[in-house]
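Asks: Let me see the structure of the following:
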Amino acid sequence: MSEKNREGKRTARQKLAAEREKQKSKDKRRRALIVGASVVCVLGLAAVIGVVAANAGKDDGSESAGPIVAPSGAQGKDGLAIPVGEESAKSTLVIWEDFRCPACKAFELAYRDTIHELTEAGQLKVEYHLATIIDGNMGGTGSRKSANAAACAQDAGRFTPYHDVLFTNQPAETDDAFADESKLIDLAGKVDGLDTALFQECVEGGKHNSWVEKSNEAFRAGGFSGTPTVLLDGKNIYQDRSMTPAKLKQLVQDANK
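Replies: Modelled structure (predicted):
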């Protein structure tokens, strides 16, 4: 083999080796980029999952920032219960409700007259707790804003009649009509003495929004299965399929004997 041919083959091998090294470098850089991008994607996904988990069951919270102001006369742990009835009553009914919740409306319409009769007779004390799970599940702010309005009605000493008006005029579950503060103020006109400048300011300013948020947090922390949750002296009577207004009345009257 001539010297010229040997030199040519040597040059070709050197070029091939150089190309191989160049390709190895490219492959190494590409793998580094892929690994880096994967790490970023995983971290990004983890952050998204964390945000979603943290917000499950919550409303948007955009107007709930601010000091926690409990409504007048609120009782219980952290002042989250709105009491109705005589403190001396021997039976206590604890009700967790959401003003957008259709099942809550059904319960109220069925048991309302009996509950009013028993509270007015001094035999039953009711502690109302307000939740916003429909806002969290369906979106919107109607649960929170109507709960704030009910707390404003409590400030005015008109909680019970306004509470009843809200459930009587409850929109469809998918209709966030209670997010409209003017709607809540219009409904106050159905309660004697409630539609005042002070009430309107309380509703429009979201005075009790943070309190409502805290109440909803207590509901979620309580491990309840949903609204309404109705506890008579600690026993969940809403889960009792045999419960009727007449049976509730009898249980309360027996406790007061």
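Asks: what residues does stretch 238-254 touch?
Replies: For stretch 238-254, contacts defined as C-beta atoms under 8 Å, 6 or more residues apart in numbering pick out 91, 107, 110-111, 113-115, 117-118, 123-124, 228-230, 232, 237. No exception for glycine: its C-beta is placed from N, CA and C like everyone else's.
Asks: please redo it, this time with the cut-off set to 7 Å
Replies: Around stretch 238-254, the neighbours that count as contacts under C-beta atoms under 7 Å, 6 or more residues apart in numbering are 91, 107, 110-111, 114, 118, 123-124, 228-230, 232, 237.
Asks: got the CA coordinates for that stretch in CSV?
Replies: C-alpha atoms of stretch 238-254 as CSV (Å, rounded to 0.1, in the frame of the first residue of the first chain):
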residue,chain,number,x,y,z
TYR,A,238,-80.5,13.6,59.3
GLN,A,239,-79.0,10.1,58.7
ASP,A,240,-82.0,8.5,60.5
ARG,A,241,-84.3,7.4,57.7
SER,A,242,-87.1,7.0,60.2
MET,A,243,-86.9,10.7,61.4
THR,A,244,-89.9,12.9,60.8
PRO,A,245,-90.9,16.3,62.2
ALA,A,246,-93.4,14.5,64.5
LYS,A,247,-90.6,12.2,65.8
LEU,A,248,-88.2,15.2,66.3
LYS,A,249,-91.0,16.9,68.3
GLN,A,250,-91.5,13.9,70.5
LEU,A,251,-87.8,13.4,71.2
VAL,A,252,-87.5,17.1,72.2
GLN,A,253,-90.6,17.0,74.4
ASP,A,254,-89.4,13.8,76.1
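Asks: Beyond the helix or strand of the chain with the lowest mean pLDDT, next helix or strand please.
Replies: Least confident helix or strand of the chain, by mean pLDDT, DSSP states H and E, is helix 3-55 with a mean of 46. Per DSSP states H and E, the first helix or strand lying C-terminal to helix 3-55 is strand 82-84.
Asks: ok, that next one: who's next to it in the sheet?
Replies: Next to strand 82-84 in the sheet, as set by DSSP bridges, lie strand 124-130 (antiparallel).
Asks: Now the element after the strand it pairs with, going C-ward?
Replies: Toward the C-terminus from strand 124-130 - assigned by DSSP H and E - lies helix 133-138.
Asks: In CSV, please show the C-alpha coordinates belonging to that following helix.
Replies: The C-alpha coordinates for helix 133-138 follow below in CSV (Å, rounded to 0.1, in the frame of the first residue of the first chain):
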residue,chain,number,x,y,z
ILE,A,133,-69.6,23.8,50.0
ILE,A,134,-71.7,24.6,46.9
ASP,A,135,-69.4,27.5,46.0
GLY,A,136,-66.5,25.1,46.2
ASN,A,137,-68.1,22.3,44.2
MET,A,138,-70.1,24.3,41.6
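Asks: Give me the nearest residue to residue 252, chain neighbours excluded.
Replies: Once flanking residues are discounted, residue 252 sits nearest to residue 91: 4.6 Å by C-beta to C-beta, 6 or more residues apart in numbering.
Asks: mind listing what that neighbour touches?
Replies: 123, 124, 232, 233, 252, 255, 256.
Asks: tell me which residues form a beta bridge with it?
Replies: residue 124.
Asks: What of the one 4 residues further on?
Replies: Per DSSP bridges, residues listed as beta-bridge partners of residue 95: residue 128, residue 230.
Asks: how close does it get to residue 69?
Replies: 22 Å (C-beta to C-beta, to the nearest Å).
Asks: When the two are compared, which one has more neighbours?
Replies: Comparing residue 95 with residue 69 by other C-beta atoms under 10 Å, the one with more neighbours is residue 95, at 24 against 17.
Asks: thinking the more buried one is in contact with residue 126, fair?
Replies: Yes. Judged on C-beta atoms under 7 Å, residue 95 makes contact with residue 126 at a distance of 6.3 Å.
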